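*Asks:* make a model of this:
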Amino acid sequence: MKRVRLISLLVCIGTAQLLCTGSYAAEKETRREKFENRTVLYKGEKKVGASLMYGSLNSGNSEVLLLMKNIDAAGRVFRIAPDFEMAYRDNASAGLRLSYIHALANVNALDLNLTSDLNFSLKDISVNVNGYSAAVFHRNYIGLSKSGSVGFYLEESLSFTGINTVMQGGSTDNTYKINLTLSPGFILYILPPVSIELGIGIADLGFIKAGSYSGGDQNGSRWQAKAAMNLNVLSLNFGIHYHF
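*Replies:* Take a look at the predicted model:
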């Protein structure tokens, strides 16, 4: 009788272990499937929309102007960039972006001291900047919610930009740039077909050609290559898109 009870007890323990093991395996598989299915953008999905950027700069709140003394200046920057994007596989896409940028700055007074041998003063200068840009970009998305309604993306873009700068007095600068930029950001679906996103540039590699003109004659030109890795506040963008 005791032997039968012992066998029954062992059978019950073994059955419980099998049930627990099976339940744990099923739960682990379910968690894995939920993580893998966090799709933000599905293969073949398209999105169209635009991103906006607006910033203001003045002598009272800018850390950019630390080398400048006795400064009285203010400026603003505006950019609008419509774009089209298509996913070639889940959570991976490519697209095209066009941009227009406008900036206006007024310097009433400025003393700039770079070194003991290099310092100068400026007064009553206004600068008007207009630029156009075309870019191709690639994105990878990571879903941060089970439904895929919130996600993180990393964007690499290659852009060509032309900028015209007109200074008070009639002199102009024409600048042409090719840039490779890295920009992370976040995306949030506010409606099933509508999303908003926020991104910022953190790394940039660029090649620049600039020319200065006055009265129709070229005063000079230069080539420059630059690489930077920092949080560029002026590249902060807010966008809204429609998905179809």
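*Asks:* so where's the longest strand in this protein?
*Replies:* What stands out as the longest strand in the chain, according to DSSP state E, is strand 119-143.
*Asks:* what about the strands in the chain?
*Replies:* Ranges of strands within the chain are 46-58, 68-89, 92-113, 119-143, 150-167, 172-191, 194-199, 203-214, 217-229, 237-243, based on DSSP E.
*Asks:* quick one: which of the ones you listed is nearest Arg38?
*Replies:* strand 119-143 (2.7 Å; CB to CB). Glycine gets a C-beta too; all of them are placed from N, C-alpha and C.
*Asks:* may I see the buried residues of the closest one?
*Replies:* Buried residues in strand 119-143, counted by 16 or more other CB atoms under 10 Å: Val129, Gly131, Ser133, Ala135, Phe137, Arg139, Tyr141, Gly143.
*Asks:* closest one of these to Ser159?
*Replies:* Ala135 (3.5 Å).
*Asks:* okay, the closest one and Ile101: tell me how far apart.
*Replies:* Distance from Ala135 to Ile101, counting by CB to CB, to the nearest Å: 12 Å.
*Asks:* and if you look at Ala228?
*Replies:* In terms of CB to CB, Ala228 sits 18 Å off from Ile101.
*Asks:* these two: who's more crowded?
*Replies:* Of the pair Ala228 and Ile101, Ile101 is the one with more neighbours under other CB atoms under 10 Å, namely 18 against 12.
*Asks:* need the contact list for that one.
*Replies:* By CB atoms under 8 Å, 6 or more residues apart in numbering, the contact list for Ile101 reads Val77, Phe78, Arg79, Val129, Asn130, Gly131, Tyr132, Ser133, Ile163.
*Asks:* just the pLDDT for Glu29.
*Replies:* Predicted confidence (pLDDT) for Glu29: 48.
*Asks:* what's around the nearest residue to Val194 once chain neighbours are set aside, how many residues?
*Replies:* The shortest distance from Val194 to any non-neighbouring residue, by CB to CB, 6 or more residues apart in numbering, is to Tyr242 (5.9 Å). Tyr242: 12 surrounding residues under other CB under 10 Å.
*Asks:* hang on, isn't Tyr242 packed against Lys47?
*Replies:* Yes: Tyr242 lies in contact with Lys47 (CB atoms under 8 Å); the separation is 6.6 Å.
*Asks:* who's the nearest residue in space to Ile190 that is not next to it in sequence bridged to?
*Replies:* Distances taken as CB to CB, 6+ apart place Ile196 nearest to Ile190, at 5.9 Å, with adjacent residues excluded. Beta-bridge partners recorded for Ile196 (DSSP bridges): Leu188, Ile240.
*Asks:* what sits against the closest residue to Ser145 other than its chain neighbours?
*Replies:* Spatial nearest neighbour of Ser145, chain neighbours left out: Arg38 (6.8 Å); criterion: CB to CB, 6+ apart. Each residue near Arg38 by CB under 8 Å, 6+ apart is listed here: Ile142, Gly143, Leu144, Ser145, Lys146, Ser147, Gly148, Gly151.
*Asks:* ok, now Thr172?
*Replies:* Going by CB under 8 Å, 6+ apart, the list of residues near Thr172 reads Asn164, Thr165, Val166, Ser212, Tyr213, Ser214.
*Asks:* now pLDDT and distance to Ser183 too, for the contacts of Ile101, in TSV please.
*Replies:* Shown next, in TSV, are those (pLDDT from 0 to 100; distance: CB to CB, whole Å):
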residue	pLDDT	distance to Ser183
Val77	83	17
Phe78	87	19
Arg79	90	14
Val129	86	22
Asn130	92	23
Gly131	92	18
Tyr132	95	19
Ser133	95	14
Ile163	90	20
